[in-house]
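Visitor: Have a look; sequence and predicted model below, questions after that.
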Amino acid sequence: MHGTIDGFSYGMVTPLVGYVMACLGSALGLRCTVRSLSTDRPRKPGWLALGAASIGCGIWTMHFIAMLGFQVRETTISYDASLTFLSLLVAVLVVGVGVFIVGYLGARPAPLLVAGVFTGLGVAGMHYLGMAAMRMKGQLGYAPAVVVVSVLIAVVAATAALWAAVSIRGFRASLGASVVMGVAVTGMHYTGMAAVSVRVDEASHAVDGSSLLNVLPMLVGPLIFLVLAAAVVMFDPLLIMGDDEPRRPAHRKPTPDGEFGAARIDIGDVVGAGEGPSSWETNPEVLDSYSSHGSHRSYGARR
């Protein structure tokens, strides 16, 4: 017989908390990816990996927080721990592949499309692998057309997320992009859940189908990771000051001998050795030289 499904057994609490976690993971991932664009090459993989893990954990945590509200009246629900953690690994790895592709190749159409499709299919795979981890006295069924729509949403959301990760600059822009990404991830999840039907065993009867105690312990690790990642991002000096633009070499003006470098100012002209007013006031050539070169100056002893 068909089971009676309730996807919102805790009302709007689980959708809203899940949405917040998706936004948090997306925001951390965006900021880490932006940070990788302005760091030294040896440290770039570390920032990209942290960003990928943040997005993956955010998506996975959103999924299972939302699943806390999923109940089938006629049967209890539990989760296979191995498949559940495998779905977390899949989420982190597939997002990592996409983030590294755009992190090194940029947001050009070809690499962005490849990364977006791969990551979107991986995120959808994470969702349905997490669903396969469910254990109940019955079998799950899916409406194929709705499943296809959920996969398309995942691909579009992943492509937009990867584009935003390397294209968005500034804290407010990243925050806005993470809010949109949270909507897309949550929308993909509930579209996929709309495709679900349950056929329970004939011998089953109405029971409390809550999976709260089974799921909560598995959420602890990813939640702690997101908190630690948030601490790393919050205390990074460049991200705090908003100085996350890629570094560009400063342009220097040529010196009188035709070489690019700093102007040389004679220390004896700058500070008189106890001989009255300094040359800033008495020597116009020194003042003009300083004004022309700004802070690019060096000092040397008079020969």
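Guide: Alright, I've got the coordinates.
Visitor: need the contact list for residue 182.
Guide: 19-20, 22-23, 26, 62 (CB atoms under 8 Å, 6 or more residues apart in numbering). Quick note: C-beta positions are derived from backbone N, CA and C, even for glycine.
Visitor: Skipping adjacent residues, who's closest to it in space?
Guide: Leaving aside its chain neighbours, residue 182 sits nearest to residue 23 (3.6 Å; criterion: CB to CB, 6 or more residues apart in numbering).
Visitor: I'd say the one you found and residue 179 touch.
Guide: Yes: using CB atoms under 8 Å, residue 23 makes contact with residue 179 at a distance of 5.8 Å.
Visitor: Could you list every helix and strand in contact with the helix or strand in which residue 24 is found?
Guide: Assigned by DSSP states H and E, residue 24 belongs to helix 13-37. With contacts taken as 3 or more CB pairs under 8 Å, 6 or more residues apart in numbering; DSSP states H and E, helix 13-37 sits against helix 44-67, helix 81-105, helix 144-167, helix 171-194, helix 212-234, helix 237-241.
Visitor: Tabulate these (TSV), appending distance to residue 31 and mean pLDDT.
Guide: Formatted as TSV, the helices and strands packed on helix 13-37 follow (distance: least, CB to CB, whole Å; pLDDT from 0 to 100):
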stretch	distance to residue 31	mean pLDDT
helix 44-67	8	92
helix 81-105	12	90
helix 144-167	9	88
helix 171-194	6	86
helix 212-234	5	88
helix 237-241	6	60
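Visitor: For residue 75, which of the ones you listed is the nearest?
Guide: With CB to CB as the criterion, residue 75 lies closest to helix 212-234 of the helices and strands packed on helix 13-37, at 13.4 Å.
Visitor: buried ones in the helix or strand containing residue 141?
Guide: Using DSSP H and E, residue 141 sits in strand 138-142. Within strand 138-142, the residues that count as buried by 16 or more other CB atoms under 10 Å are 138, 140.
Visitor: Distance from it to the middle of the chain?
Guide: Distance, stretch centre to chain centre, for strand 138-142: 33 Å (CA atoms, centre = their mean, to the nearest Å).
Visitor: still on that earlier bit, with neighbour numbers in mind, choose between residue 23 and residue 179.
Guide: Higher neighbour count among residue 23 and residue 179: residue 23, with 22 against 14, using other CB atoms under 10 Å.
Visitor: Enumerate every residue touching the more buried one.
Guide: 58, 178-179, 181-182.
Visitor: what's the most buried one of the helices and strands packed on helix 13-37?
Guide: For the helices and strands packed on helix 13-37, the largest average neighbour count (mean count of other CB atoms under 10 Å) is found in helix 44-67, namely a mean of 25.
Visitor: Following that helix in sequence, what is the next regular element?
Guide: Next element after helix 44-67 (DSSP H and E): strand 71-72.
Visitor: in its sheet, what does the helix or strand following that following strand sit against?
Guide: Per DSSP H and E, the first helix or strand lying C-terminal to strand 71-72 is strand 78-79. In the sheet containing strand 78-79, its partner strands are strand 134-135 (antiparallel), by DSSP bridges.
Visitor: Which of the three states applies to residue 199?
Guide: Put simply, residue 199 is strand when judged by DSSP: H, G, I helix; E, B strand; the rest coil.
Visitor: count of residues packed around it?
Guide: By other CB under 10 Å, 12 other residues sit near residue 199.
Visitor: Surely it is in contact with residue 138?
Guide: Yes: using CB under 8 Å, residue 199 is in contact with residue 138, at 5.6 Å.
Visitor: Between those two, which contacts overlap?
Guide: residue 3.
Visitor: Please tell me how far residue 68 sits from residue 165.
Guide: 29 Å (CB to CB, to the nearest Å).
Visitor: cool, and residue 190?
Guide: For residue 190, the distance to residue 165 equals 24 Å [CB to CB].
Visitor: Residue 40 too?
Guide: For residue 40 relative to residue 165 (CB to CB), the value is 19 Å.
Visitor: Then residue 233?
Guide: Going from residue 233 to residue 165 by CB to CB gives 14 Å.
Visitor: Equivalent analysis for residue 128, please.
Guide: From residue 128 to residue 165 the distance is 24 Å (CB to CB).
Visitor: next one: residue 64
Guide: 24 Å.
Visitor: ditto for residue 117
Guide: 16 Å.
Visitor: my read: residue 236 touches residue 35, true?
Guide: Yes: with contact defined as CB under 8 Å, residue 236 reaches residue 35; the gap is 6.5 Å.
Visitor: ok, the two, which is more surrounded?
Guide: Using other CB under 10 Å, the more surrounded residue of residue 236 and residue 35 is residue 35, with 22 against 16.
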